[in-house]
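>>> Here is my input; please provide its structure:
(one chain, ligands or ions: 1)
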Amino acid sequence: MKDPASSIQYLNQFGEFGDVNPSITDSATYTFLEAKTMVDTFQGEEEGCFLYSRHWNPSNKYLADALAAMEGTPSAWVTASGMAAITNAILQMCGCGDHIITSITTYGGTYAFLKNYLPKFNIDVTFVNIDDLESVKNAIRPNTKLIYTETMTNPMLQVSNIPVLAQIANEANLKLVVDNTFTPLIVSPFKLGAHVVVYSMTKFINGKNDCVAGAICADEDFVNSLSDVNTGTAMLLGPVLDPLRSSSILKNLHTLHIRMQKHSENAMFLAQRFKEAGVKVNYPGLPDHKNHDLLKELMNPGFGFGGMIAIDMQTAEKANLFMEKMQHAGVGYLAVSLGYFKTLFSNSGKSTSSEVPEEVQREIGMSEGLVRFSVGLDHDIAYTWEKIEGVM
Ligand SMILES: Cc1ncc(COP(=O)(O)O)c(C=O)c1O
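All right, here's what the predicted structure looks like:
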């Protein structure tokens, strides 16, 4: 299928009574008519049977299949949070003594996992500026297992050159893992050469801010390895997504293309207005963004440049005051997270990137006055801008 939204649309997934939405499988365990089938299923020799919902659940499988269709991956797996997707994918690939190369700008939780948690397992991590492809190459060691990045990094909105990173990874026999949370549909990392794509579905994919969820999209061998009853990280650590949630996320996935178009349209409008007003604004859709041309090369047409913008208010005090005033004026909510139908804003350095030490924040160019916007689905964005302008 040519584009990711149509790939979701043309999936035929029905419930057991011809229900247009697949039935919800509300069971932890499954019965077998013959004992031998159970044994064969445990040994991976029988296909199509469900064992236990920590392993696979039909509702989770419907959602995983739809995500695989969107991403163009042979398979996918869903998890109870984005962090579960990230940590399970990494832990499945790396063991004691291994080495990871990562973009220094990632979501704060990912940074903390790589920086503070993995050393417990003697896994070494090198942090690089992902724009500097030479530094990625130079960081490769004999024990390196993977390169980790975000398609559009949080909150610096740098765009990763996925095809070149994939080439570097392939030449050194490494895996490239990409978090595509900010740019679902807009960029298809697997089709550009990434080996594993992870998502926080909490954000744009679900879009309703009513749950936390994640996904791992990859080839069948990798997804099967995650669910292996003896050695699978997902099977053994158990971050299973509730099937009731899977079924609601699946329904929301079918409107993702319309939402991404509107998020992008509104973000572009606000980014242009901020720029005209003389505010320092970071939005990859603006021609003067350093990765604008790269994103244009990588992106699927028709979904825009994404719903995330960052502006620089210079100091945390000014940022806080501005956000309080915007919330009071009804622009949106002073809240972390993103991908919601209402606009959300937060001061990254003191919230979702607070795990990144302040000296590292400054080193990567993150101003203490950075206000990150997840632009909502406002019908009248010009009116929203009037409200913002009124409190600036
Ligand atoms: C880019 C990115 N990846 C992963 C996560 C973690 O996702 P979750 O909160 O669903 O665990 C976040 C959360 O903000 C994020 O922004």
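
>>> and the gap between Glu324 and Gly349?
Glu324 is 17 Å from Gly349, where distance means Cβ to Cβ, to the nearest Å. (Each C-beta comes from the backbone N, C-alpha and C, glycine too.)

>>> Repeat that for Gly214.
For Gly214, the distance to Gly349 equals 25 Å [Cβ to Cβ].

>>> now swap in Val178 and tell me
For Val178, the distance to Gly349 (Cβ to Cβ) stands at 24 Å.

>>> before we move on, the earlier item: of Gly214 and Gly349, which one has the most company?
Gly214 (28 against 23; other Cβ atoms under 10 Å).

>>> Could I get the phi/psi values of the more buried one?
The phi and psi values for Gly214, taken as degrees, to the nearest 10, are phi -150, psi 170.

>>> got a list of what it touches?
Contact analysis of Gly214 by Cβ atoms under 8 Å, 6 or more residues apart in numbering lists 78-86, 198-202, 239, 241.

>>> Close to the ligand: what parts of this protein are there?
Neighbours of the ligand within the chain, by Cβ under 6 Å from any ligand atom: 81-83, 107, 109, 150, 154, 179, 181, 200, 202, 212, 214, 337, 352.

>>> And those residues, which two are furthest apart?
With Cβ to Cβ as the measure, no two of these lie farther apart than Glu150 and Val212, at 18.0 Å.

>>> Nearest residue to the residue of the chain found nearest the ligand in space, please, no chain neighbours.
As assessed by Cβ to the nearest ligand atom, the ligand sits closest to Gly82 within the chain, at 2.4 Å. Spatial nearest neighbour of Gly82, excluding adjacent residues (Cβ to Cβ, 6 or more residues apart in numbering): Ser200 at 2.4 Å.

>>> does the one you found really touch Ala84, like I thought?
No. Contact between Ser200 and Ala84 fails when scored by Cβ atoms under 8 Å: they sit 9.5 Å apart.

>>> More neighbours: those two, which one.
Ser200 (30 against 26).

>>> List the beta-bridge partners for that one.
For Ser200, the beta-bridge partners under DSSP bridges are Gly214.

>>> Roughly how far does it sit from Glu220?
Between Ser200 and Glu220 the computed distance is 23 Å (Cβ to Cβ).

>>> swap in Gln361?
Distance, Gln361 to Glu220, using Cβ to Cβ: 40 Å.
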